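Peer 1: predicted model and sequence follow; I will ask about them next.
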Amino acid sequence: MAMLQFFFDLQRDIYLAFAGRLTVFAETGDWWLLASYLPVGLVFGAAHAMTPGHSKAVLAVYLSGSRAGLARALLISLVLSATHVAMAVSIVLLSLPVVSAMLGSSGRAPLLEDISRGVLGLIGVWMLWQAFRRKDMTHGHDGEQGAAFGFVAGLIPCPLTLFVMTFAVARGVPEAGLVFAVVMMAGVAVTLSLVAAAAVCARGWAARLLAGRASLLERLSRALHGLAGLVLVAIALNELLSPVHQYGSPT
């Protein structure tokens, strides 16, 4: 709990400092002043992704049950991160009519949340079908499915990016907010990539442990694939049927 509070406090301090830099930039147009603070945006994004949300648990569950290698897992985490931040940027830049239609409260997008969770549930159903069909699971569509998963899981906009972009637009410097958002995205990607790498390594460790037991390994692979699908369906149903959606994206 103390660690979580540390990350929240760190985000607050960075955001307040950035707000001050952005205000000065709006008055002076000094890109060097803004650029000197951009590396902090990387820490900002990484720390923000450490807090609840950002589909970390969903990403880990999916990769544990898939056959994606490390490179593909990192690509999925990058797609997720890019979509997560890009959705927030797009919502702000598309102006108030879209914002008022999509955002139910500060930092929330109920419509996008429902779409994301619904499609994640469908991906879970697909994984369950793959796990229990008779013929061997193939790798042919893993890449497409992984990319689709990353995109759908990232559909819910990043709350802090919404705040940063709104603040920048209000001061007439959306380009500064956009640059900072890109750096934040890199920070989010770092954290999610670590989660992805850990999931793939854990799955690889289990596979090495069962080396030489091909039949058992195949059954375990199917079981993990099916379990991952079942968990995705359960998360989607829980969130969609919940009277009040929780803050942010699925953990």
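Peer 2: Perfect, I can see it now.

Peer 1: what does stretch 184-198 rub up against?
Peer 2: Residues outside stretch 184-198 that contact it (C-beta atoms under 8 Å, 6 or more residues apart in numbering) are 41-50, 54-56, 59-60, 63, 70, 73-74, 76-78, 80-82, 84-86, 158, 160-161, 164. Bear in mind the C-beta positions are built from the backbone N, C-alpha and C, glycine included.

Peer 1: and that stretch, how far out from the chain's middle?
Peer 2: Offset of stretch 184-198 from its chain centre (C-alpha atoms, centre = their mean, to the nearest Å): 9 Å.

Peer 1: what sits closest to residue 50 if chain neighbours are left out?
Peer 2: Distances taken as C-beta to C-beta, 6 or more residues apart in numbering place residue 7 nearest to residue 50, at 5.0 Å, with adjacent residues excluded.

Peer 1: phi, psi for that neighbour please.
Peer 2: phi -70, psi -40 (degrees, to the nearest 10).

Peer 1: separation between it and residue 47?
Peer 2: Separation of residue 7 from residue 47 (C-beta to C-beta, to the nearest Å): 5 Å.

Peer 1: more neighbours: these two, which one.
Peer 2: residue 47 (20 against 16; other C-beta atoms under 10 Å).

Peer 1: in which helix or strand does residue 23 reside?
Peer 2: Using DSSP states H and E, residue 23 maps to helix 2-28.

Peer 1: packing partners of that helix?
Peer 2: If contacts are counted by 3 or more C-beta pairs under 8 Å, 6 or more residues apart in numbering; DSSP states H and E, helix 2-28 sits against helix 31-35, helix 38-50, helix 159-170, helix 174-209.

Peer 1: nearest to residue 123, out of these?
Peer 2: Among the helices and strands packed on helix 2-28, the nearest to residue 123 by C-beta to C-beta is helix 174-209 (16.0 Å).

Peer 1: what residues sit buried inside that closest one?
Peer 2: By 16 or more other C-beta atoms under 10 Å, the buried positions in helix 174-209 come out as 174, 176-196, 199-200, 203.

Peer 1: go ahead and confirm the residue nearest to residue 50 touches residue 51.
Peer 2: Yes - the criterion here is C-beta atoms under 8 Å, and residue 7 meets it with residue 51 at 5.4 Å.

Peer 1: just to revisit the earlier point, buried ones from the contacts of stretch 184-198, can you make that a PyMOL selection?
Peer 2: Filtering the contacts of stretch 184-198 down to the buried ones (16+ other C-beta under 10 Å) takes a single PyMOL command:
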select buried, resi 41+42+43+44+45+46+47+48+49+50+54+55+56+59+60+63+73+74+76+77+78+80+81+82+84+85+86+158+160+161+164
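
Peer 1: how far is stretch 162-175 from where the chain is centred?
Peer 2: Its chain's C-alpha centre and that of stretch 162-175 lie 22 Å apart, by C-alpha atoms, centre = their mean.

Peer 1: ok, and what's touching that stretch?
Peer 2: 15, 18-19, 22-23, 25-26, 88-89, 91-93, 103, 107, 176-178, 180-181, 184.

Peer 1: let's see 10 Å
Peer 2: Defining contact as C-beta atoms under 10 Å, 6 or more residues apart in numbering, one finds that stretch 162-175 is touched by 15, 18-19, 22-23, 25-27, 29, 31, 34, 41, 44, 85, 87-93, 95, 99, 103, 106-109, 157-158, 176-181, 184.

Peer 1: give me the ChimeraX select line for those, limited to the buried ones.
Peer 2: Of the contacts of stretch 162-175, the buried ones go into a single ChimeraX selection, burial set by 16+ other C-beta under 10 Å:
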select :15,18,22,25,34,41,44,85,87,88,89,91,92,103,107,108,109,157,158,176,177,178,179,180,181,184
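
Peer 1: and the helices and strands packed on helix 2-28: which comes nearest residue 231?
Peer 2: Closest to residue 231 of those is helix 174-209 (C-beta to C-beta; 12.8 Å).
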